[in-house]
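Novice: one predicted model, sequence on top.
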Amino acid sequence: MTQTQLPGQAAAPVTAPETAPPKAWKWYDYFTFNTDHKVIGIQYLVTSFIFYLIGGLMAVAMRAELYSADADLLDPNLYNAFLTNHGTIMIFLWIVPAAIGGFGNYLIPLMIGAKDMAFPNLNALAFWLNPPAGALLLGSFFFGGSQSGWTAYPPLSLITANAAQSMWILAIVLVGTSSILGSVNFVVTLLKMRVPGMQWTQLPLFCWSMLATSVLALLSTPVLAAGLILLLFDINFGTGFFRPEMGGDVVIYQHLFWFYSHPAVYLMILPIFGIMSEVIPVHARKPIFGYKAIAYSSLAICCVGLFVWVHHMFTSGTPPWMRMFFTVSTLIVAVPTGVKIFSWIATLWGGKLRLNSAMLFAIGLLSMFVIGGITGVTLGTAPFDIHVHDTYYVVGHFHYVLFGGSVFGIYAGIYHWFPKMTGRMLNETWGRIHFALTFIGTHLTFLPMHELGLQGMPRRVAMYDPQFEFVNQICTFGSILLGISVIPLFINVIWSWSQGPLAGRNPWRALTLEWQTTSPPSIENFEETPVLWTGPYEYGIDLLSADGNKSVQELLGEVSVEAQ
Amino acid sequence: MDGSPTINYPSTTASHHEEHPDLRVWGLLIFLVSESLMFGGLFMVYLIYRGSAQQWPPEGTEVELLLPTINTLILVSSSFVIHLGDAAIKKGQVAGLRLWYVVTALMGIIFLGGQVYEYLTLGYGLTTNIFANCFYLMTGFHGLHVFVGVLLILGVLWRSREPNHYSPTKHTGVEMAEIYWHFVDVIWVILFTLLYVLTHL
């Protein structure tokens, strides 16, 4: 039924050295320079969640300001600072570190049967670059807060809040360095440290998507760093790279910025696609539909995604041939994404669905992401984009992709792997309440924004035409609902971490390797090198186990006995 | 795969936390791919400014050739020198390794000194015009990399004091310093072409 892959010999157990690491980490180990990938993964997740709350409060404050047409609640400069730092924090200190740093670090070595990442010290270093970056961003508020949006376009970034803008640049360079170092680690780990006998076609799809993510980060992040260094010199050292009066050119900054920042969109969604490809087959109890299509479409997104960046610049005096080229490439990049969507729907089709919190968020993501994807295609088309450029239509679009996509995916991942990370189950009822609040809140906040944008309401402003007031009030109510929606998750996680029912090794009866070890895994992950006895998605074995009343775990036990 | 770096299995670290093959060379190579994209971004910026300018370099900006050419010869030949050090350790000659790495470090320091001298004597400063912006930023950024390369070489020299630290089968650190040095060298050749040679054609 399933192909059986047994390695020739199990690795000889390493005799315990005198300086053996402790059996399990203590709570304070999570606050130190620890090189265990699981500790680092949790450090990333918890740190980024704190920044998520901070960025979320900024968003709620902005929505409160936008409840009325006048700029009456917040000082407009503070509004600008919130606007800039909300975007920056959510991208660079929440989604990227949570999805790539958190899940990537925690899961990749477990999924490929390794003891740790290739470079544990480098990994810890990469994490510890993030807290100072966050401190720089928050500290910039004492200097007025940078005013120029997360894009930091000159000339605005050159003439407003210079000190805060410089701190912003340093913060981004720090997280960019962290991202590059992390990606080096992921690529080497995935290429070189798979358990013996694991073919590329047996690699869990999360690992494929992390490979594509890492390659993308390696190729695009340094270009942003180059652009930001030039900007830093322009602000502080009198150069004129982006000062037209000194022979500079502002559009070059936009090219450098978007050469990174469009791929950054894929950095934020590819790991989430990986999470989807893990969560859906497990809870649909079906083999994933189109394994190779999903795996290779990640690589296709990685390649094509590097050549679409000018679609952010259709109104920057872009020549017609460029508009044409980048419209076409943008439409092409939607194809591999569609391939994934169809594969997940086909996986769900006829499955024995378990509609638990993880699955609800995964299905919620599907519906949200389709809306965000369709509005994305419309925006990628130059004629329409010129009409709605810099309006709330764009804001609505990217929040469907980033909130309805990435954040829903991170939530799904939390519900799915929390039992593995902590050894305890999350409460399902509260999980579903969390889902319902988030789902309703997201639509209520972001769906009306499309209408606002089509009517011409510009983004990034604290005051607006009074005719848009009613629709803005709907958005504000939605954002308050979203703010409330975090509370059930927060309480659930805190409570379940110590009080939840014990999970056991494999509560979801999943087949990927991380479920073969204890929950939480011991410090070097596996007691013995795990045995790869089935592909990652060959579900249907449940039917057999229903007969013999054997769980997957027991079957795994039998196979590993036979192997010896 | 021909020419791929040898993977050394550390024999003395069996009691250590990470018992896996030494993958550092792979990590360095992937990191350098990423770094080259950073220089690539700067090169593109330079080329765009050059392409859109009426006159390049702008009037009154005289690019000197003699000193940078000598500097280039020193840096390029240092790449051959450092390889002699690598070849020596592969034959087990720690003394040879030390000799050639000392020479390489000296050549690197001479290069940096030459660059500082050039900065002090040039007729234009960082903020003179857009060419000067690019010139100082790119050469300065490259100089920073040369500096890091010299530090790596000095690190190898420091570790090689211990007679058995490097051996014919265990010299990943030596190789990494060499690879990084070659990278810095290649970047310089491109920079020299863009900033000096092509401004004189």
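Specialist: Structure received.

Novice: every contact and neighbour count from this point should use C-alpha atoms.
Specialist: Noted.

Novice: near chain A, which residues of chain B show up?
Specialist: B:15-18, B:20, B:23-24, B:26-27, B:30-31, B:33-35, B:37-42, B:45, B:49, B:126-127, B:129-130, B:133 (CA under 8 Å from any CA of the partner chain).

Novice: if you set the cut-off to 7 Å instead, what comes out?
Specialist: Neighbours of chain A within chain B, by CA under 7 Å from any CA of the partner chain: B:15, B:23, B:26-27, B:30-31, B:34-35, B:37-38, B:41-42, B:126-127, B:129-130, B:133.

Novice: separation between A:Pro390 and A:Thr375?
Specialist: Quick fix: residue A:390 reads Asp, not Pro. 14 Å (CA to CA, to the nearest Å).

Novice: residues contacting residue 127?
Specialist: If you meant another chain, say so; for now it's chain A. A:Ile40, A:Tyr44, A:Ser178 (CA atoms under 7 Å, 6 or more residues apart in numbering or on different chains).

Novice: nope, chain B please
Specialist: A:Gly238, A:Thr239, B:Asn133.

Novice: which of the helices or strands spans the closest residue to it other than its chain neighbours?
Specialist: Spatial nearest neighbour of B:Thr127, chain neighbours left out: A:Thr239 (5.1 Å); criterion: CA to CA, 6 or more residues apart in numbering or on different chains. A:Thr239 is located outside every helix and strand, with elements delineated by DSSP states H and E.

Novice: next secondary structure after the one helix or strand B:Leu137 maps to?
Specialist: Assigned by DSSP H and E, B:Leu137 belongs to helix B:130-159. With elements assigned by DSSP H and E, the helix or strand that comes after helix B:130-159 is helix B:172-192.

Novice: Serialize the contacts of B:Thr127 to JSON lines and add fields for distance to B:Leu84.
Specialist: Listed next are the contacts of B:Thr127 as JSON lines, based on distance: CA to CA, whole Å:
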{"residue": "A:Gly238", "distance to B:Leu84": "44"}
{"residue": "A:Thr239", "distance to B:Leu84": "42"}
{"residue": "B:Asn133", "distance to B:Leu84": "37"}
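
Novice: please, which helix or strand holds the residue in the stretch 51-200 of chain A that chain B sits nearest to?
Specialist: Here the residue of the stretch 51-200 of chain A nearest chain B is A:Val184; by CA to the nearest CA that distance is 5.9 Å. If you go by DSSP H and E, A:Val184 is part of helix A:162-192.

Novice: list the buried ones in that helix?
Specialist: For helix A:162-192, the neighbour count (16 or more other CA atoms under 10 Å in any protein chain shown) marks A:162-190 as buried.

Novice: ok, now stretch A:393-410?
Specialist: Using 16+ other CA under 10 Å as the test for burial, stretch A:393-410 gives A:393-410.

Novice: what does that stretch contact?
Specialist: By CA under 7 Å, 6+ apart, the residues outside stretch A:393-410 that reach it are A:95, A:99, A:268-269, A:272, A:275-276, A:361-362, A:365, A:368-369, A:371-372, A:375-376, A:446-447, A:449-450, A:452-454.

Novice: and it, what's its mean pLDDT?
Specialist: Averaged over stretch A:393-410, pLDDT sits at 96.

Novice: got the residues of chain A near chain B?
Specialist: Where chain A comes near chain B, counting by CA under 7 Å from any CA, the residues are A:17, A:118, A:184-185, A:188, A:218-219, A:222-223, A:226, A:238-241, A:246-248.

Novice: quick one: contacts for residue 71?
Specialist: Since no chain was named, I'll use chain A. A:Glu65, A:Ala462, A:Met463.

Novice: ah, I was thinking of chain B
Specialist: Neighbouring residues of B:Asn71 by CA under 7 Å, 6+ apart: B:Phe111, B:Gly114.

Novice: repeat for the one 5 residues further on
Specialist: By CA under 7 Å, 6+ apart, the residues touching B:Val76 are B:Asp185.

Novice: so after the helix or strand where it lies, what's the next helix or strand?
Specialist: In the assignment (DSSP H and E), B:Val76 maps to helix B:66-90. Note on helix B:66-90: by DSSP H and E, the next helix or strand toward the C-terminus is helix B:94-121.

Novice: count the neighbours of residue 47 for me.
Specialist: If you meant another chain, say so; for now it's chain A. Residues near A:Thr47, counting by other CA atoms under 10 Å in any protein chain shown, number 20.

Novice: actually, chain B is the one I wanted.
Specialist: That count, for B:Leu47 with other CA under 10 Å as the rule, works out to 13.

Novice: same deal with A:Thr442?
Specialist: When counting by other CA under 10 Å, one arrives at 21 neighbours for A:Thr442.

Novice: for it, list the residues it contacts.
Specialist: Contacts for A:Thr442 (CA under 7 Å, 6+ apart) come out as A:Gly478, A:Leu482.

Novice: measure it to chain B for me?
Specialist: 37 Å (CA to the nearest CA, to the nearest Å).

Novice: so which strand or helix has that residue?
Specialist: helix A:428-455.

Novice: could you point out which element follows that helix?
Specialist: According to DSSP H and E, the helix or strand after helix A:428-455 is helix A:469-499.

Novice: verify the stated contact: A:Cys302 with A:Ala212.
Specialist: Yes: between A:Cys302 and A:Ala212 there is a contact under CA atoms under 7 Å: 5.7 Å.

Novice: where does chain A have low pLDDT?
Specialist: A:1-22, A:541-564 (pLDDT under 70).

Novice: and the residue of it closest to chain B?
Specialist: A:Pro222 (4.5 Å).

Novice: how about that residue, nearest residue that isn't a chain neighbour?
Specialist: Among residues not flanking A:Pro222 along the chain, B:Met38 sits closest, at 4.5 Å (CA to CA, 6+ apart).

Novice: report the distance from the strand or helix carrying the one you found to the chain centre.
Specialist: Assigned by DSSP H and E, B:Met38 belongs to helix B:24-52. Distance of helix B:24-52 from its chain centroid, counting by CA atoms, centre = their mean, to the nearest Å, is 13 Å.

Novice: what's the answer for stretch A:225-232, then?
Specialist: Computed by CA atoms, centre = their mean, the chain-centroid distance of stretch A:225-232 equals 25 Å.

Novice: then stretch A:155-163?
Specialist: 30 Å.

Novice: ditto for stretch A:43-58
Specialist: Worked out by CA atoms, centre = their mean, stretch A:43-58 lies 13 Å from the chain centre.

Novice: give me the contact list for that stretch.
Specialist: With CA under 7 Å, 6+ apart as the criterion, stretch A:43-58 contacts A:Tyr30, A:Phe82, A:His86, A:Ile89, A:Met90, A:Leu93, A:Trp94, A:Pro97, A:Ala98, A:Gly101, A:Gly102, A:Phe127.

Novice: what's the most distant pair in the residues you listed?
Specialist: Across these, no pair lies farther apart than A:Tyr30 and A:Phe82, at 30.1 Å, counting by CA to CA.

Novice: these two - which one has more neighbours?
Specialist: A count of neighbours by other CA under 10 Å puts A:Phe82 above the other of A:Tyr30 and A:Phe82, at 24 against 15.

Novice: residues in contact with that one?
Specialist: Applying CA under 7 Å, 6+ apart, the residues near A:Phe82 are A:Met58.

Novice: how deep is B:Leu191 tucked in, by neighbour count?
Specialist: 18.

Novice: distance of it from A:Gly227?
Specialist: Distance from B:Leu191 to A:Gly227, by CA to CA: 18 Å.

Novice: sketch out the low-pLDDT regions of chain B for me.
Specialist: B:1-21.

Novice: from memory A:Gly102 sits against A:Gly41, does it?
Specialist: Yes: counting by CA under 7 Å, A:Gly102 touches A:Gly41, with 4.1 Å between them.

Novice: which ones are touching B:Ile82?
Specialist: Contacts of B:Ile82 by CA under 7 Å, 6+ apart are B:Trp100, B:Tyr101, B:Thr104, B:Glu178.
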